[in-house]
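Asker: Quick one, what's the 3D model for this:
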Amino acid sequence: MQKARVIAVLVGTALGVGLVGTPARAAVSDPTTRADTLTAMEGEAFAHAAYLAYAQEAARTGQAEIAELFRSTAETELDEHFAEQAELIDFVRSNTANLRESIAGESEEHTVTYPRYAEQARRDGCLPAAALWDELAGDEGVHAERFRIALFAITHPGSGVRVPVGVPVPPVPIEATEPACSGETQENLLATLRGEAFAYARYTAYAEHARATGRLRLARLFENTASQELGEHFAEAANLYGLVGGNEANLRTTIAGEQHEATTIDPTFSRQAASVGESEAAALFAEIARDEAGHASDFLDALVDLVLGGGTQGTRAAAADRQPTSARPEARS
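Answerer: Model (predicted):
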């Protein structure tokens, strides 16, 4: 029996989560289950972005195997976990509905959230953060306006107005740094990281839908906006927050997060869903709990190799043994 299967059985037994096959997904109706799913999606989006940042540090310091482990796990968090949870609650809707949702979110950040964060940073004496939020507020205003034009173009096909596509923005490197701020400003930087990571995941999903429905210019608009949210906004906030440390610290942070997901968050969400008859959601959260347990084990193997100085030769093979049982490629609150 594969090591991954053994882990799944042990975790399932300890948590009261049985091994199940992958059921057909159906949109949930229970409000608590829907809220839990959205919370889980936000966690998956943040994990995806953070792991890509950790991968940069591993690659920069010559730890290619650790970098690959972070990158592959990041893909699982977004392409499987986030995607399956999004399907569960019909997160992606029509192109016009997706645009309206995007306009509302960008407008809120442009006019309320980031100006308020900037003012707090000035009160806390962290001027680099204040400058960042002034910049982000302006960018989000541009995003909102592009989305408004796109919505008008789609809903008024005879107007001659074309859907804008935005512009690609070069990514900002994320480095191992100490926190630049403290207090409430530091908390707001974390909220920014989580929000920008979720925006990337949201717009990536919206872009896939736009492309599938033949709206190629709209897909490019969502893709270019997503790349700025992750490659610039998330990255700049990460450097101020001190998100990335050394490889050992990054691995320890990751292990703790994956274990918390596997043993607490996802099992709790699974049991709640089961209690209200949301069997598809219960099964999905149980499945993800097992995946996260496997991730924690992979990262622990990498940490042991790193601490012992023996390299990370075993991490890729270990990860390969733990591919999830779901039919799609692979949440964190």
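Asker: Residue 175 and residue 243 touch, don't they?
Answerer: No. Using Cβ atoms under 8 Å, residue 175 is not in contact with residue 243; the gap is 9.8 Å. In short, each C-beta sits where N, CA and C put it, glycine included.
Asker: And those two? Which one has more around it.
Answerer: A count of neighbours by other Cβ atoms under 10 Å puts residue 243 above the other of residue 175 and residue 243, at 25 against 15.
Asker: Need phi/psi at that one.
Answerer: phi -60, psi -40 (degrees, to the nearest 10).
Asker: element containing the most centrally placed residue in the chain?
Answerer: The centre of the chain sits closest to residue 45, judged by Cα atoms, centre = their mean, with a distance of 0.9 Å. Per DSSP states H and E: residue 45 is located in helix 31-60.
Asker: Where does residue 176 sit: helix, strand or coil?
Answerer: coil (DSSP: H, G, I helix; E, B strand; the rest coil).
Asker: Touching, it and residue 241? I think so.
Answerer: No. With contact taken as Cβ under 8 Å, residue 176 and residue 241 are classed as non-touching, separated by 11.9 Å.
Asker: Where do the helices of the stretch 151-300 of the chain begin and end?
Answerer: 183-212, 216-228, 235-241, 247-260, 266-275, 279-308 (DSSP state H, counting those that start in this stretch).
Asker: Of all those, which one is nearest residue 80?
Answerer: helix 279-308 (7.7 Å; Cβ to Cβ).
Asker: For that closest one, buried residues please.
Answerer: The neighbour-count check on helix 279-308 (16 or more other Cβ atoms under 10 Å) flags 280-303, 305-306 as buried.
Asker: Could you name the helices and strands sitting against it?
Answerer: helix 3-15, helix 31-60, helix 64-76, helix 83-88, helix 247-260, helix 266-275, helix 315-321 (3 or more Cβ pairs under 8 Å, 6 or more residues apart in numbering; DSSP states H and E).
Asker: Reformat those helices into CSV and put distance to residue 156 and mean pLDDT next to each item.
Answerer: CSV is the format used below for those (distance: least, Cβ to Cβ, whole Å; pLDDT from 0 to 100):
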stretch, distance to residue 156, mean pLDDT
helix 3-15, 52, 39
helix 31-60, 32, 98
helix 64-76, 38, 98
helix 83-88, 29, 97
helix 247-260, 46, 98
helix 266-275, 42, 98
helix 315-321, 49, 40
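Asker: This completes my enquiry, with thanks.
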